[in-house]
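Q: Next come a sequence and a model predicted from it.
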Amino acid sequence: MELDLATLAELFGRSFSLWWAILPGIALGLVVGVLPGFSPQNTLIILLPVTLAMDTEAALAFMISLYCANHLSGGIPAILVNIPGSGGAAATCIDGYQMTKKGQAQQALVLSFVASVAGGLITSVAVLALLPFLAQLGLVLRSVEMVVIILFGLTLIAVLAAKDMLKGLIGGMFGLMLGAIGTDTVYSTPRATFGFLELYDGLPLVPVLIGLFAISEALVMLEERFTGTPPAQSRAAQWKDTVEGLWMCVKYWWQITWTAFLGLVVGVIPGAGAYIASFVAYQQSRLFSKTPELYGTGHPPGVIAPESANNGVTSGTLVPTMAIGVPGGSTAAVMMIVLQYQGITVGPRLFQESPAIAYGVFVMMTVAYIFMIPMVMPLARYASRVVTVPVHYIVPLILALTVVGAFADREYVFDMVLALVFGVIGYIAVKSNYHVTSILIGVLLGPIFERYLLRSLRIGQGDIMVLFSSPIANVLWALLVISVVLPIWRERRLARTAA
Amino acid sequence: MTFGTTTLTRRSIGAAALGAGLAAMRPAAAQSGFPSRNFRVVIPTGQGGGADRLARSFDDGWTKHLNGRQFEYEFFPGAAGQVGYELFVSRRDADAHHLLFGNMGPEMIMYALQRPRFRFPEDLTYFCRIDVDDSCVFVRANSPFRRIEDVVAEAKRRPLNVATSRIPHPASIGILALGEHQNARFNLVPYGGGNPTLVAVLNGEADIGVLPIALAVQQGERMRTLGVFNRENILAAKTDNAPPINAVFGSNIPDLYSSRAWAIHTRAIDRYPDRFRVLEETSARVFDDPAFRDAYDKQGLPIETIRYGNRATCTEYALGMIDLANRYRAQLSAQR
């Protein structure tokens, strides 16, 4: 799997020459990412006849650009209207939307774009340099380690609950209970589905996301309009805000770097999603911050951490796909179909037989992120104007787009109803000061946590000590304990100093 | 020769004969006007999975015989296929333009164990089997287990962790039956799909794996197949002559394999027998098309596993799987 500089230079040259496939891929990815319910894998499936007709490298360039841009733009609605475009952008809502409320929408968007592009660039270059090592990493992290990694994300519930622990924990527990809906992962026995076929595969993410965030937010906006409550601060975007956002990114370069690597590591693990990476990154970012109390109030690192990690996942997901022939996620699985249809079998032999394809994938990803810089920066200025659109226009638009989005993912009318039900749940939660993100974390991470926990327990043949049987897992357990105890200790020390 | 006002000449008779001859040569589809639109296919597993890839490699050849009509796929994974099947039977029109492409083995086991809201074969009929993919036992290349006998010997000392795609799966039945015959203990760990199962064996989380053999063979030198649950190993040359497990242990485990097949509403067969005949005839013809074998090979699948099966073969196999699942219900289901 060695790669010399001459080959690398040639690969970069070839990738830049594919600009005609990369630019439409980015444009489409940006649009699809903004719309909740439209995933990159669905889009690629729809466009399969097009990609199969293209030559292999052009098809790959198109698919990769679409995939990366999709991860980037999911943060746009999360920041502007508190609606994550995908599960991976859910953590961005926590501080991103608060920045918008403070009149810093454009800075938040710039933070999100720069963190995403930088995270994607750093990790795709890192993959080129460390591919043999990373390919092994995916094999080292097993179910037991995954249990602990997901627990890092779940502890975020407690972090969000800091202001009102009881309500926060109730919200998180409610989310975990909702996450248990669906068939069990061992025997495929349906649980709590109330006889609805549509719930057998668990609560669908998109309607839940749309309901909890988008519809509830639209209802709050409507209520504020009719009760005369002043709306969130909004002002016309200025170029200096873009510059200010860029400066913030320079200031937080280290944050971008390490959260991108965290995303890369999570992405390398087959089956682990972007939302695990973004929630864990947010939680870790807060943990190591000198000002953890600012998180949740519109703090820039709260936007940087999830966005950078979310895009670090993109290159990570393709590592197992290319290196061991096992897709790291559903988008990677669709890419595999196209490659195999073109007669290319992914796996270790690909690096000997077609290095231009094997390494080319990561070079294309790097090039796609480079192309994204000039494409998305002006977007920050214009996209941020959404917040100045009057409520009586924006609310119907949100409702129409999101309800269609709820339907689009699985094409069930049931999902539209579900989105409305979760909209009401979200509205009640917001009005009674329950954190909807706590509920969402439970819904998102609960089923994956259960899957890995049950798998680990089966591997341990019922012995719970299996959870402490691996050195890597034990190190992670120790870090988890530190991450839970440290904030409590820090808070007590501050209280004592203040006293 | 005249009939009323119409005069039949030798030339006109010749032209009519030529026309009739050409009509006979047209695809059956063109003659019946079916299909009149594209097909919509339910796949009860995820996008990019084995069924998705196989269906696509088949439909290129099939579409040529169906007036060029395309196949549009919908994916409804969940509950071991139950979601896709129930949705197909209850919410898709029985008009022969709606089809299902599934993996008969595991999905008929699901049918037996989970008692879904449809009846087989009353509501659904498989009519074109694509492949016979034997269940096998495999290990990673550097595993201490060199032969299937080593696996059984170790499983008599301690329970071995066995990675499997799903517990309700022919390969899982095979390893449980082997354990029962040899008094060996196998602990099934479901990974929810072929790819994660392969990873679990590769990273050593599970001691051994059981899957359809094509997936193990696709991994090349990184995996070693130790035995197959069938009376002969059709991929002997690609698996270092891995033996049939029955031949090694003198057991009588039934042939266990996965078989992907096209299915249709049984009501559609009753209502539109001519349409069904077109589908049956044209699908069988795809197997003679070298382009299909080429597409299959491109997917990295061993072409030896391609094996056409008609409606009767499919039904016999599916009913056999239901019987087998009922025999192993206690081990395969949470309902004791």
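A: Received the coordinates, thanks. Numbering: from 1, shown residues only, chains lettered A, B, ... in the order given.
Q: which helices and strands does the helix or strand of chain A with the lowest mean pLDDT pack with?
A: Between all helices and strands in chain A, the lowest mean by mean pLDDT, DSSP states H and E belongs to helix A:350-353, at a mean of 72. Contact here means 3 or more CB pairs under 8 Å, 6 or more residues apart in numbering or on different chains; DSSP states H and E; on that basis helix A:350-353 packs against helix A:300-324, helix A:355-358. From N, CA and C alone the C-beta is placed, and that goes for glycine too.
Q: Ok, which of those comes nearest residue B:266?
A: Of all the helices and strands packed on helix A:350-353, it is helix A:300-324 that lies closest to residue B:266, at 39.6 Å by CB to CB.
Q: What is the subsequent helix or strand relative to that closest one?
A: Past helix A:300-324, heading to the C-terminal end, the next element that is a helix or strand (DSSP states H and E) is helix A:330-341.
Q: Now do the residue most central in space within chain A against residue A:81, distance only.
A: Centre of chain A computed as the mean C-alpha position; nearest residue by CA atoms, centre = their mean is residue A:88, 1.6 Å away. Between residue A:88 and residue A:81 the distance is 17 Å, computed by CB to CB, to the nearest Å.
Q: still on that earlier bit, out of the helices and strands packed on helix A:350-353, which gets nearest to residue B:329?
A: Proximity of the helices and strands packed on helix A:350-353 to residue B:329 was assessed by CB to CB; the nearest stretch is helix A:300-324, lying at 35.5 Å.
Q: and the angle for that closest one with helix A:330-341?
A: With axes from the mean of the first three to the mean of the last three CA atoms, to 10 degrees applied, the angle from helix A:300-324 to helix A:330-341 works out at 30 degrees.
Q: measure residue A:42 to chain B for me?
A: Distance, residue A:42 to chain B, by CB to the nearest CB, to the nearest Å: 8 Å.
Q: Surely residue A:343 is within a strand?
A: No. Counting by DSSP: H, G, I helix; E, B strand; the rest coil, residue A:343 is located in no strand; its state is coil.
Q: quick one: the strands in the chain?
A: Using chain A. For chain A, the strands identified by DSSP state E occupy A:182-183, A:190-191, in order along the chain.
Q: um, chain B though
A: Taking DSSP E to define them, one finds strands in chain B at B:2-3, B:6-7, B:39-43, B:71-75, B:98-103, B:124-131, B:133-140, B:160-164, B:186-190, B:208-212, B:223-228, B:257-258, B:260-265, B:306-309.
Q: Output those strands as a markdown table; include the columns mean pLDDT and mean neighbour count.
A: Written out in a markdown table, the entries for those read as follows (pLDDT from 0 to 100; neighbours: other CB atoms under 10 Å in any protein chain shown):
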| stretch | mean pLDDT | mean neighbour count |
| --- | --- | --- |
| strand B:2-3 | 36 | 7 |
| strand B:6-7 | 40 | 8 |
| strand B:39-43 | 95 | 21 |
| strand B:71-75 | 91 | 18 |
| strand B:98-103 | 96 | 25 |
| strand B:124-131 | 96 | 24 |
| strand B:133-140 | 95 | 27 |
| strand B:160-164 | 96 | 24 |
| strand B:186-190 | 94 | 23 |
| strand B:208-212 | 96 | 28 |
| strand B:223-228 | 95 | 26 |
| strand B:257-258 | 91 | 26 |
| strand B:260-265 | 96 | 25 |
| strand B:306-309 | 94 | 18 |
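Q: Report the buried residues of the least confident helix or strand of chain A.
A: Using 16 or more other CB atoms under 10 Å in any protein chain shown as the burial criterion, the residues of helix A:350-353 that qualify are A:350, A:351.
Q: Mind listing residues that contact it?
A: Outside helix A:350-353, the residues within contact range by CB atoms under 8 Å, 6 or more residues apart in numbering or on different chains are A:1, A:322, A:323, A:344, A:357, A:358, A:359.
Q: hey, where'd the helices end up in the stretch 151-300 of chain A?
A: Counting by DSSP state H, counting those that start in this stretch, residue ranges of the helices within the stretch 151-300 of chain A are A:156-160, A:165-179, A:205-209, A:216-227, A:239-251, A:253-268, A:274-287, A:300-324.
Q: which parts of the fifth one are buried?
A: With burial defined by 16+ other CB under 10 Å, the residues of helix A:239-251 counted as buried are A:241, A:242, A:245, A:246, A:248, A:249.
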